[in-house]
Every structure is written in C-alpha cells, then in structure tokens.
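>>> Predicted model follows, preceded by the sequence.
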Amino acid sequence: MRTSRILIIGAFAAAAAAGAYAYVRHAERYPSTDDAYLDADVVHVAAQVPGPVIDVATSNQAHVRKGDLLFAVDPQPYRLAVQEAEAQLALARQQVAEDAAAVDSAQADLHNREVLLANARLKLQRSHQLARKAYLSKQSADDAEAAYRSAEAMVTLAQAQLNEARKRLGTAGERNQRVRQAQAALGRAQWNLDHARVQAACNGHIAQLTLQRGDTVSVGAPLFVLVCDDTYTVTANYKETEIAKIHPDQPVDVTVDMYPGVHFKGKVESINPASGVAFSLLPPQNATGNWVKVTQRVPVKIRLLDPGHAHPLRVGTSAVVTIDTTAHPDQDQTANRIRE
C-alpha cells in the first residue's frame, strides 16, 4: 500500500515536472504578451487652402471611403484666380508670338540690308575700275564709297536690332520663360481650386469632428481625425530578454479583448531600436541615485494580415500577442531563391 502511494505521488510529480517543462519550452518558442495595443494609420485632416467652410459632408463616427468629400471651402476666390491666371497665360503667349514676329521681321530686314550691302560693294568695285581708267569722275567714286559705308552701317544696325529682338523673345514657343511662369501660376491657382474640396485619404471612420458650415479654416490646422481601417497594426511590448528570438516576418497570433476567442493572423513588421522608456519625457537616470534593475520592454510592431469587417477593430484597445519564433522567414526566402 505504501509502495503504491509512493508510485502515485511520483507519477504526479513527474507529470507536473513534464508539464512545467513543456510550458517553459512552449513559452520560449512562442513568447506571448498582453502588453499590446491596437493601432492604425490616423490622418489628421486639415484644410489645404484658407477660407469659409460652405459644406461639411460627413459626421462623427461616420464611415467614409477613399475619395469621398469631407468638407469644402468656398471656391469662388480660387475660381476667379484660375480665370485670371488663364488670361495671364493667354497674354503671355500673345506677347511671345509678337516678339517672335519681331524677330522674323528683324531677320528679314537684316537679309535685305545684306543684299543692299552686296550691291553697294559691287558698285564700289566698278566705280574704282572706271575711275582708274578716267571713265568716272572722282565725285562719283566718292559717292559710291559713301553708299557702301552707309550700307555697311545699316547691316550693323540691323544685326543689333535682330539681337535685341532675340533677347526680348528669349526661348520661343511654350518653353518661353514668360509662358512657363504663367503656366506655373495657372497650375498653382488650379491646385488651390482643386483643394478647396477636401477628400478622404483612405477608407475609415471620422472622429473628433466639430467643424461646422460657416467656420473659417486656415491652412494646416488639424480639424478632425480620419482613422484608416484598411491596415491595422499591433504594438506589443516584449521583455528585452525575449527580443533576441523575434525577427521580422515571423507569424503572429493575435486576440483582442473585444472579441474573446477570435484569432487574427499577423506578422512581425519591425522591432523598435530602443526600449519604451528611451525616448520618454522623463527617461530613467540610473546613475544619479539608488539603482534597481528593471527588465525593460521593447515595442514590436505587428501588422494584421486579415483584420476583416466582421469584427471591427478599435484603435487603442487591448490585445494578446503570441509570436511563433520557430519560423525563420529569411532562411525560407533564401532557400526559395536557391531552388529557383
């Protein structure tokens, strides 16, 4: 009887030891933490152009899709600015066309003066020949010389006028500096007009909306929040003693307190290069007094692969994360490349 009791106790002890060993081994291979919280991309919606709000097309907690109108600023001043910029562009093109015509005219005038100069040169050469044979008076020869010098001066003047016309024109056509400047002004005015209507940058839910029709908004001032629901992440704060086994792309199992029993798949996206207290407002000063060693936690970013819409998630809510550290995605990818 005594022997049986000892055997039973021994069996229970062995089972307990085996269970404890299995638990420790499982915890080493699949580290888990409940110090984890849901996160998502959050867009702080702001106006891109100033002015009075004429329309608010959404409301708090409303779901919007990417491209949906959120609110609109009075577009009339920006529409007028576009019309003015269009007129300035047309005027610039007209001026460039006139300057181009002036260049052509100066070019033609130069060509005409060069023809006259060539004719004057021939007359001067003939007058010299006739004067040497006494067939032409000295006065006539002097007149031919003066006509040639005058034609030569007119060519120089025409060349200067052509250079001035070319300088005034600059680059011809649409690449002209004045045209490009007017095009830039039109583009800026059109951009302002387009951004008088503020649209959703992603699919998501509206929060902290207090904007009303008639409010005047300024550029860059946050007005409300758009929480994108296309991509959710989890920030899990693991003990520094567990980080060595965690690597990017390892598979992750995530449960959230909102939906007990529901599991979400994820993968490790990145590991923070510092502990959670390293960049806090009041970091620990371990060298200034009595020091007590505390195991630090390092944030690990996990991307959910299947957030789904059947179980809507909420930013900032609690989660439990378990990472499969037995997987080695880098080695698997290397092996796949070798096989290929």
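Here it is on my side, so go on. Residues are numbered from 1 along each chain as shown.
>>> contacts and neighbour counts: CA atoms only from here.
Fine.
>>> Touching stretch 233-252 from outside, list them.
Contacts to stretch 233-252, defined as C-alpha atoms under 8 Å, 6 or more residues apart in numbering, come from residues 31, 33-40, 265-271, 276, 295-304, 319, 321-325, 327-329.
>>> Going along the chain, name the helices of the stretch 151-300 of the chain.
Using DSSP state H, counting those that start in this stretch, the helices of the stretch 151-300 of the chain run over 177-194.
>>> Low-confidence ranges, it, go.
281, 285-291 (pLDDT under 70).
>>> Could you tell me which of the contacts of stretch 233-252 belong to strands?
Among those, the ones falling in strands (DSSP state E) are 33-40, 265-271, 297-304, 319, 321-323.
>>> which among the residues you listed end up buried?
With neighbours counted by 16 or more other C-alpha atoms under 10 Å, the ones in strands among the contacts of stretch 233-252 contain buried members at 34-40, 266-271, 297-304, 319, 321-323.
>>> Tell me the secondary structure at Ala134.
coil (DSSP: H, G, I helix; E, B strand; the rest coil).
>>> how much space between it and Gly170?
From Ala134 across to Gly170, the span is 53 Å (C-alpha to C-alpha, to the nearest Å).
>>> neighbour count winner among the two?
With neighbours defined as other C-alpha atoms under 10 Å, Ala134 and Gly170 compare such that Gly170 has more, 16 against 10.
>>> who are the neighbours in contact with that one?
Asn176, Gln177.
>>> So Glu86 sits against Leu186, correct?
Yes: Glu86 lies in contact with Leu186 (C-alpha atoms under 8 Å); the separation is 6.2 Å.
>>> The stretch 1-150 of the chain: helices as residue ranges?
Under DSSP H, counting those that start in this stretch, the stretch 1-150 of the chain gives helices at 2-29, 76-132, 138-169.
>>> Go through those and name the closest to Trp191.
helix 76-132 (9.1 Å; C-alpha to C-alpha).
>>> Tell me which residues are up against stretch 178-192.
48-49, 78-79, 81-82, 85-86, 88-89, 92-93, 96, 174.
>>> Please list only the buried members of those.
48-49, 78-79, 81-82, 85-86, 88-89, 92-93, 96.
>>> you'd agree Glu145 is up against Arg126?
No: taking contacts as C-alpha under 8 Å, Glu145 lies outside contact range of Arg126: 10.9 Å.
>>> what about dumping the CA coordinates of the longest strand anywhere in the chain to CSV?
The longest strand of the chain (DSSP E) is strand 222-239. Backbone C-alpha positions of strand 222-239 (Å, rounded to 0.1, in the frame of the first residue of the first chain) are rendered in CSV as follows:
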residue,chain,number,x,y,z
PRO,A,222,-6.0,69.9,-37.7
LEU,A,223,-9.8,69.9,-37.8
PHE,A,224,-10.7,66.3,-37.1
VAL,A,225,-9.3,62.7,-37.4
LEU,A,226,-9.8,60.0,-40.0
VAL,A,227,-8.9,56.5,-38.7
CYS,A,228,-8.0,54.3,-41.7
ASP,A,229,-9.4,50.8,-41.4
ASP,A,230,-7.5,49.3,-44.4
THR,A,231,-4.4,48.5,-42.3
TYR,A,232,-4.3,47.7,-38.6
THR,A,233,-1.1,47.1,-36.6
VAL,A,234,-0.4,46.0,-33.0
THR,A,235,2.3,47.4,-30.8
ALA,A,236,3.4,44.6,-28.5
ASN,A,237,5.8,45.5,-25.7
TYR,A,238,8.1,42.4,-25.2
LYS,A,239,10.6,41.9,-22.5
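>>> Flag every buried residue along it.
Buried-residue list, strand 222-239, by 16+ other C-alpha under 10 Å: 223-229, 231-239.
>>> between those, which is nearest Pro312?
Using C-alpha to C-alpha, the buried residues of strand 222-239 come closest to Pro312 at Asp229, 8.7 Å.
>>> Now that closest one. Nearest residue, chain neighbours left out?
Gly204 (4.8 Å; C-alpha to C-alpha, 6 or more residues apart in numbering).
>>> The one you found touches Gln61, doesn't it?
No: the pair Gly204 / Gln61 is not scored as a contact, 9.3 Å apart, by C-alpha under 8 Å.
>>> And the residue most central in space within the chain, how close does it get to Gln61?
Central residue of the chain (C-alpha atoms, centre = their mean): Ala201, 12.6 Å from the mean position. Distance, Ala201 to Gln61, using C-alpha to C-alpha: 16 Å.
>>> and what of Ala153?
83 Å.
>>> Check Ala141 too.
101 Å.
>>> Show me which of those two is the more surrounded one.
Legend: neighbour count by other C-alpha under 10 Å for Ala141 and Gln61, higher for Ala141 (20 against 14).
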